[in-house]
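>>> return a 3D structure for these sequence lines:
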Amino acid sequence: MRLICFVIPVLVICALPAEAQMTFAGRLSSAAISLTKQEVVYDPSYYVLDYPGGDVPEGRGVCTDVVIRAYRRLGIDLQKEVHEDMKAFFNLYPKNWGLSKPDRNIDHRRVPNLMTFFIRHGEIRPITNNAEDYSPGDIVCWDLGQGLTHIGIVVDKKSADGKRYLIVHNIGGGQVLADCLFTYKIIGHYLYDFSSGK
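Now for the predicted structure:
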């Protein structure tokens, strides 16, 4: 009796973990949402930070620290990125604080500096009153009046009426999820997708 063998091709399907399948913007959105699980007291104090990778004490922070921490969860150190850009192009950054050289402890924690950095290295997106123009992973900056600025991250959660994406930010009540996209005057709208250089 002769043995006859058949070779049948086998299709192997490998699934990537859900996070690996996300776009960079989706991962940034998820990183920002994860920050809302931490209790953080609003604290604008000046701190001497490690460099690179320095952060203010755990449980402390301001609006810019939300953005810094979200990007850091994706392996991107805005402290280092902003500092290196300011060292090379200090004249292009705002002079609101009377500094004559960069300060790696605080520069990345100032909204106008982050705006300048995102303009230089990210994608400038339109400022409109149309909620559909704002997508998860976008960075939005606001003018609060009296010289105060604010920053937050658009995330993949919708408002109760389903018309707007929510924002993760810290305006005094900790790192929270809020329906505040159009609450303040928008002065900046960016996408900084480090994975593509934009």
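
>>> neighbours around residue 63, how many?
The number of residues packed near residue 63 is 26, by other CB atoms under 10 Å. All C-beta atoms are positioned from the backbone trio N, CA, C, and that covers glycine.

>>> actually, residue 161.
For residue 161, using other CB under 10 Å, the count is 7.

>>> so it: helix, strand or coil?
Using DSSP: H, G, I helix; E, B strand; the rest coil, the structure places residue 161 in coil.

>>> for whichever strand in the chain runs longest, report the contacting residues that lie outside it.
If you go by DSSP state E, the chain has its longest strand at strand 148-158. With CB atoms under 8 Å, 6 or more residues apart in numbering as the test, strand 148-158 has contacts from 26, 28-30, 32-33, 63-64, 66-67, 70, 111-112, 114-115, 134-144, 164-169, 171, 177, 180-181, 184, 187-188.

>>> filter the residues you listed to the buried ones?
26, 28-30, 32-33, 63-64, 66-67, 70, 111-112, 114-115, 134, 136-142, 164-169, 171, 177, 180-181, 184, 187-188 (16 or more other CB atoms under 10 Å).

>>> in strands, which of those residues appear?
Applying DSSP E to those, the entries found in strands are 139, 140, 141, 142, 165, 166, 167, 168, 169, 177, 187, 188.

>>> farthest pair within these?
Based on CB to CB, the longest span within those runs between 177 and 187 and measures 21.8 Å.

>>> mind listing what's buried in stretch 84-102?
Buried, per 16+ other CB under 10 Å, within stretch 84-102: 85, 86, 93, 102.
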